[in-house]
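Trainee: coordinates only, sequence not included:
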């Protein structure tokens, strides 16, 4: 398996623009997580899906953030409109039967909002 | 409330030294899971180990070993004979088995192994 695949790897955008981050989890995994990592706040869980259903989105910072998982093999995290404080590395991770098994992480998307 | 504390923000050692990274957790659950992840300078997060709360056996994997002690709510990680390639940020994490299955992360320990 190719592992968790995220795209793009790097994104630079202007404030106010819409940003869409994409994730393809490992085939067969039924849990998917979106994390944000910054120097100031460390790793923050944004949202967690189980069997394509959002289970906990309490970490989503505000209404500008939204996430979808239309099927078991694809998820998106959208920021609209983006702000400079959204600059961070965004990780997607997937696992099978969380929390019994470990989560595997993608390589992350480094987002810079200028 | 659940919490993971990695009190050591940064550690610097010389190659071949042994180093222990501390992790202390808080949870009221009787069933929970503990994890260690490594984040090398390249940025990806690499899974190292998972331990459930009913398994207090220590684990050794090559130069890596883990000491799980429920009595002190600690899950410490030791690297024996450290190498430059061990330089990374190491994260400890906790999750429960209940309805809210979030991974609670420590803030990480940045380990620098110098030649």
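Mentor: It's in. Everything numeric here is computed off the predicted structure, so don't read it as measured data.
Trainee: ok now do the closest residue to residue A:73 other than its chain neighbours, which residues does it touch?
Mentor: Distance criterion C-beta to C-beta, 6 or more residues apart in numbering or on different chains; nearest residue to residue A:73, sequence neighbours excluded, is residue A:24 at 5.9 Å. From N, CA and C alone the C-beta is placed, and that goes for glycine too. Residue A:24 makes contacts with A:4-6, A:73-74, as judged by C-beta atoms under 8 Å, 6 or more residues apart in numbering or on different chains.
Trainee: Out of those residues, grab the one that's most surrounded.
Mentor: residue A:4 (24 neighbours; other C-beta atoms under 10 Å in any protein chain shown).
Trainee: Could you pull up the residues touching the nearest residue to residue A:65 once chain neighbours are set aside?
Mentor: The shortest distance from residue A:65 to any non-neighbouring residue, by C-beta to C-beta, 6+ apart, is to residue A:79 (5.7 Å). Residue A:79 makes contacts with A:18-19, A:64-65, A:86, A:111, as judged by C-beta under 8 Å, 6+ apart.
Trainee: Could you give the bridge partners of residue A:79?
Mentor: For residue A:79, the beta-bridge partners are residue A:19, residue A:65 (DSSP bridges).
Trainee: Next, work out how far apart it and residue A:12 are.
Mentor: 13 Å (C-beta to C-beta, to the nearest Å).
Trainee: Find the residues that touch each one of those two.
Mentor: Common neighbours of residue A:79 and residue A:12, using C-beta under 8 Å, 6+ apart, are residue A:111.
Trainee: correct me, but residue B:69 touches residue B:58?
Mentor: No: applying C-beta atoms under 8 Å as the test, residue B:69 and residue B:58 come out as separate, 9.1 Å apart.
Trainee: Next, residue 72: phi, psi?
Mentor: All of this refers to chain A. Dihedral pair for residue A:72: phi -70, psi -10, per degrees, to the nearest 10.
Trainee: not what I meant, chain B
Mentor: Per-residue torsions, residue B:72: phi -110, psi 10 (degrees, to the nearest 10).
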